[in-house]
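S.K.: sequence? don't have it. structure:
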């Protein structure tokens, strides 16, 4: 029956908060988050993430003590975090992360965006037009896996007029059939 699956996915998108996430799956009640160290807290270095023009920060994380920080200082460089992941080809997954503007002001002319990609065919582009300072925003998208790949989340502005700091925190990746619940 299609409706219960849709309801579970819809309910997963509706959940928000500041506590840790867990997953309940109809077929596997103990499903594990595929992303390792999605809260950037263990160990404090942020491993196994690879950072390119990003770093961990203790300033205004969604879940303490750390988040990943993109500090864009009037540049056009891509700021990114990346992690290898193992997925089953043809299976649906939901990637979820939280982002917040922690310094500066988003100007629509800056053309800032967060791009989450799992492989070359599964990409979600989040155009950042307006954001309340220090408020975390949830972003999620469901995709069909092409197989083992790298998960990358990048932040980039075409014309950032001044310093803009954006935190990324609580990145998770579960089978799409899972219902995300908060502690």
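M.R.: Structure received. Here the structure is a predicted model, which is why all the values come from computation and not from measurement.
S.K.: Strands along this structure, start to end?
M.R.: 21-24, 50-52, 54-57, 67-73, 79-85, 92-103, 112-119, 122-128, 137-144, 149-157, 163-175, 179-182 (DSSP state E).
S.K.: Test my guess that residue 143 contacts residue 89.
M.R.: No - the pair residue 143 / residue 89 is not scored as a contact, 12.0 Å apart, by Cβ atoms under 8 Å. Backbone N, C-alpha and C define where each C-beta goes, glycine included.
S.K.: Can you pick out the residue with more neighbours from the two?
M.R.: The residue with more neighbours, out of residue 143 and residue 89, is residue 143; 21 against 10, by other Cβ atoms under 10 Å.
S.K.: Tell me what the nearest residue to the more buried one once chain neighbours are set aside is bridged to.
M.R.: Computed as Cβ to Cβ, 6 or more residues apart in numbering, the closest residue to residue 143 that is not its neighbour in sequence is residue 122, at 3.9 Å. Taking DSSP bridges as the rule, residue 122 bridges to residue 119.
S.K.: pLDDT score for the residue lying closest to residue 87 once chain neighbours are set aside?
M.R.: Nearest residue to residue 87, sequence neighbours excluded (Cβ to Cβ, 6+ apart): residue 145, at 3.8 Å. pLDDT recorded at residue 145 is 92.
S.K.: Now do residue 145: how many residues are near it, please.
M.R.: Residue 145 has 22 neighbours, counted by other Cβ under 10 Å.
S.K.: Ok, the one 5 residues further on next?
M.R.: If you count neighbours by other Cβ under 10 Å, residue 150 ends up with 12.
S.K.: ok, now residue 126?
M.R.: Counted with other Cβ under 10 Å, residue 126 comes out at 17.
S.K.: What residues are bridge-paired with it?
M.R.: For residue 126, the beta-bridge partners are residue 114 (DSSP bridges).
S.K.: any idea how far it lies from residue 177?
M.R.: From residue 126 over to residue 177 the distance is 24 Å, taken as Cβ to Cβ, to the nearest Å.
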